[in-house]
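Undergrad: give me a model of this one.
(chains A and B)
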Amino acid sequence: MKVEKKTSKLLTALSIVLAIAMIFPIFWLICSSFKQPNELFKYPLKLFSSDPTFQYYKSVLSGGFMNYVKNSLFLAVVGTLITLAISAMCGYALAIYRFEIKYTNLVFAVFLLGTLIPGETLTVPQVSVISALGLYNNIWGVILPVVTTTTGIFMFRQAYMAIPLSFVEAARIDGCPEWKIFTHVMMPLGSSSFVTLAIFSFMWRWNDYILPMLILSNQKNFTIQLAIKNFIGNTGVDWSSILSASVMSVIPVIVVFVILQKYIIGGVSAGGVKG
Amino acid sequence: MAAIRRKSNGMKHTLAFWMFVLPSLALFTVFFLIPLVLSIAYSFTDYDGWKTMNFVGLTNFIELFQDKSFYSSLGRTFVYTLFSLPFKVIIPLLIAALVCSDRVAFKSFSRTLIYIPVLLSALVVGITINWMFSTEYGLVNYIITCFNGKPLDWALNQYLATFVISFASNWASTGFYMIIFIGGIKGISNDLYEAAAIDGCNTTQTFFKITVPMLAPTTFLAVLLSTVNLLKEYALVQGITQGGPGDKTTFIIQYIFGQGFNQMRYGYASAISFIVMIIFALIAFVQFKMSNEGGEN
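TA: You can find the predicted model right below:
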């Protein structure tokens, strides 16, 4: 027996109005990005421009924006690949050897420190470690410090704890070495975790701000976020450029989300993965 | 013979375990554990991030406890957190209840749109909301003037500026906590709702008597996550006020960065970080305790 099945027009309308209100600021940003300054800064404000222009997209793109896109993509793709590889290995080991090796949980507890202490409070000494390693103003200086995520390790640990250990034992009896058990037997079984973490990691890295701001001082190494911040000058904001640059930074992430949203929603509701 | 083989297998497995864990552990040690130790070590020095590093004992901590700017930025952070927290948790809860209801159509469409702001970087969230609230030619002020109101000075009034930051933060996190609450609501047994319906409960009663109490663990998670995220708000502010007017929206993380990277006082910034770390941990601990006691009653 289902309790109430009849849909209510009023509640449906309320939820749709709410949804549209939530998306409206982004819509307003996109609409504004096509306006010329004489429409941008003139009352009455209109939603759609009467004379839409791509001028500011063009000027932002010709100002080296594609180079920033390239840097952001490198950070996001390489960072994500490393995160996937090391988190899967670590989560796998913490799950599979948990009965055999006594200190497994102790090792896991060390990683949990990463969630207890907010990274922002460690940024100052982190920057000196990065400089000491010679990674200042180097894209690797913003990749290596962030690729270890407790969330990712936790996710893989949970996934592999759900798989019966008999898979591993069967492979061992067949004489399969430990490393191959991971790459040939268990890795394919954790594929949905790979997809979920890949999406999240990509978004985290694409949106990273604090470390790139502190480490990448040379403009040719800037990521998209830094390029956008650069339009907020000391004397004032270059709104025309900032609007179109923001729109361009957002579009890829929204497209990825709309295509892969079932994994994202699944990841958030399963483990409270930070969005 | 068998015992020897088992032993050598054990060795092999131990070795394999460490090989699997090593990459994560090594990077975590270099970029998290060592900075953690350094943070404590620096806080007893006058390190300038470059050459000078002398042991100065407790000088940084003594200065810290007399530093008015430290107290005011910490105080602002607390006020901002306390003001924003109820909205951060209650609005997503209500929205989740709405988009889980059997009586609402097009649920996944609404959920998708509500989630989209979560995808934006904190900086772009700040910019998007700042654009709507800009004092001259901003949409919000335009609407106010259309109703014959006086346009508000969103950037130069500290309360209005804090409100805009809070609004932006809420806007960007609503979808995230909504999904968390939807997960919680789906975990509530349907039997409870059927029993309530048989007993003649209306929608409001069902919401307050069943949904809200059953969601207590989820609500706790949402409160904990949003407290930490509010306390360390930084990038969002960079897209809106950058700490201004003056330092009126400079929260504690920005104060640490300012002391460390602008004033080049790594030692002093580390001392603040150390104290802030302890305060954050205490807050999380108190919340955890309170939720446990609430659960026992």
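
Undergrad: can you tell me the SS state at A:A109?
TA: helix (DSSP: H, G, I helix; E, B strand; the rest coil).

Undergrad: an error on my part: the question was meant for A:D51.
TA: The three-state label given to A:D51 by three-state DSSP is coil.

Undergrad: what sits against it?
TA: A:Q36, A:E39 (C-beta atoms under 8 Å, 6 or more residues apart in numbering or on different chains). Any C-beta I mention is one placed from the backbone N, CA and C, and that applies to glycine too.

Undergrad: got it, and B:S121?
TA: Applying C-beta under 8 Å, 6+ apart, the residues near B:S121 are A:W206, A:N207, A:D208, A:Y209, A:Q225, A:S249, B:A235.

Undergrad: can you rerun that using 6 Å?
TA: With contact set as C-beta atoms under 6 Å, 6 or more residues apart in numbering or on different chains, B:S121 has these partners: A:N207, A:Q225.

Undergrad: what residues does the stretch 101-250 of chain A have near chain B?
TA: A:101, A:114, A:117-118, A:120-122, A:124-126, A:129, A:145, A:148, A:178, A:207, A:209, A:225, A:246, A:250 (C-beta under 6 Å from any C-beta of the partner chain).

Undergrad: so what does the closest residue to A:Y57 other than its chain neighbours look like in phi/psi?
TA: Leaving out its chain neighbours, the residue that sits closest to A:Y57 by C-beta to C-beta, 6 or more residues apart in numbering or on different chains is A:S244, at 4.7 Å. Dihedral angles of A:S244 (phi, psi; degrees, to the nearest 10) stand at phi -70, psi -40.

Undergrad: quick one: neighbours of A:S244, just the number.
TA: 26 (other C-beta atoms under 10 Å in any protein chain shown).

Undergrad: tell me the pLDDT of it.
TA: On pLDDT, A:S244 comes in at 93.

Undergrad: wait, it touches A:S33, no?
TA: Yes - between A:S244 and A:S33 there is a contact under C-beta atoms under 6 Å: 4.5 Å.

Undergrad: give me the low-pLDDT residue ranges for the stretch 101-250 of chain A?
TA: Within the stretch 101-250 of chain A, the segments meeting pLDDT under 70 span A:234.

Undergrad: one more time with 80
TA: Applying pLDDT under 80 to the stretch 101-250 of chain A flags the ranges A:233-237.

Undergrad: now the helices for it?
TA: For the stretch 101-250 of chain A, applying DSSP state H, counting those that start in this stretch gives helices covering A:104-116, A:123-132, A:140-143, A:150-161, A:166-173, A:178-180, A:187-189, A:191-207, A:210-215, A:224-230, A:239-271.

Undergrad: same for the fourth one, what does it pack against?
TA: The criterion is 3 or more C-beta pairs under 6 Å, 6 or more residues apart in numbering or on different chains; DSSP states H and E, and the helices and strands that helix A:150-161 contacts are helix A:66-96, helix A:104-116, helix A:191-207.

Undergrad: was I right about B:V104 contacting A:L11?
TA: Yes - counting by C-beta under 6 Å, A:L11 is a contact partner of B:V104 at 4.9 Å.

Undergrad: more neighbours, these two?
TA: The neighbour comparison of B:V104 against A:L11 (other C-beta under 10 Å) goes to B:V104, with 21 against 17.

Undergrad: on the three-state scheme, the more buried one is what?
TA: Here B:V104 is recorded as coil under three-state DSSP.

Undergrad: for A:L45, same thing?
TA: Applying three-state DSSP: A:L45 is coil.

Undergrad: that one: what's it in contact with?
TA: B:Y142.

Undergrad: can you report phi and psi for it?
TA: phi -80, psi 140.

Undergrad: give the rounded mean pLDDT of the one helix or strand A:W28 maps to.
TA: Per DSSP states H and E: A:W28 is located in helix A:9-33. For helix A:9-33, the mean pLDDT works out to 93.

Undergrad: list the contacts of that helix.
TA: Under C-beta under 6 Å, 6+ apart, the answer for helix A:9-33 is A:47, A:243-244, A:247, B:98-99, B:103-105, B:110, B:113-114, B:116, B:128, B:132.

Undergrad: how about A:S87, nearest residue that isn't a chain neighbour?
TA: That would be A:G152: by C-beta to C-beta, 6+ apart, it lies 3.4 Å from A:S87.

Undergrad: what do you get for A:I163?
TA: Spatial nearest neighbour of A:I163, excluding adjacent residues (C-beta to C-beta, 6+ apart): A:L189 at 5.5 Å.

Undergrad: circling back: contacting residues around the residue nearest to A:Y57?
TA: Going by C-beta under 6 Å, 6+ apart, A:S244 touches A:S33, A:Y56, A:Y57, A:V60.

Undergrad: swap in A:I86?
TA: Going by C-beta under 6 Å, 6+ apart, A:I86 touches B:P23, B:S24.

Undergrad: give me the number of residues near A:L40?
TA: If you count neighbours by other C-beta under 10 Å, A:L40 ends up with 18.

Undergrad: where's the closest residue in space to B:Q259 that isn't next to it in sequence, which helix or strand?
TA: What sits nearest to B:Q259 in space, not counting adjacent residues and going by C-beta to C-beta, 6+ apart, is B:A269, at 4.3 Å. Element membership of B:A269 [criterion: DSSP H and E] is helix B:266-296.

Undergrad: hang on, A:I228 packs against A:L243?
TA: No - counting by C-beta under 6 Å, A:I228 stays clear of A:L243, with 10.0 Å between them.

Undergrad: against chain A, how distant is B:G243?
TA: Distance, B:G243 to chain A, by C-beta to the nearest C-beta, to the nearest Å: 12 Å.

Undergrad: that residue contacts B:Q254, doesn't it?
TA: Yes - counting by C-beta under 6 Å, B:G243 touches B:Q254, with 5.4 Å between them.

Undergrad: tally of neighbours for A:S217?
TA: 11.

Undergrad: now do the phi/psi pair for it.
TA: Phi and psi for A:S217, reported as degrees, to the nearest 10, are phi -90, psi -20.

Undergrad: and it, what is it in contact with?
TA: Counting by C-beta under 6 Å, 6+ apart, the residues that A:S217 touches are A:N137.
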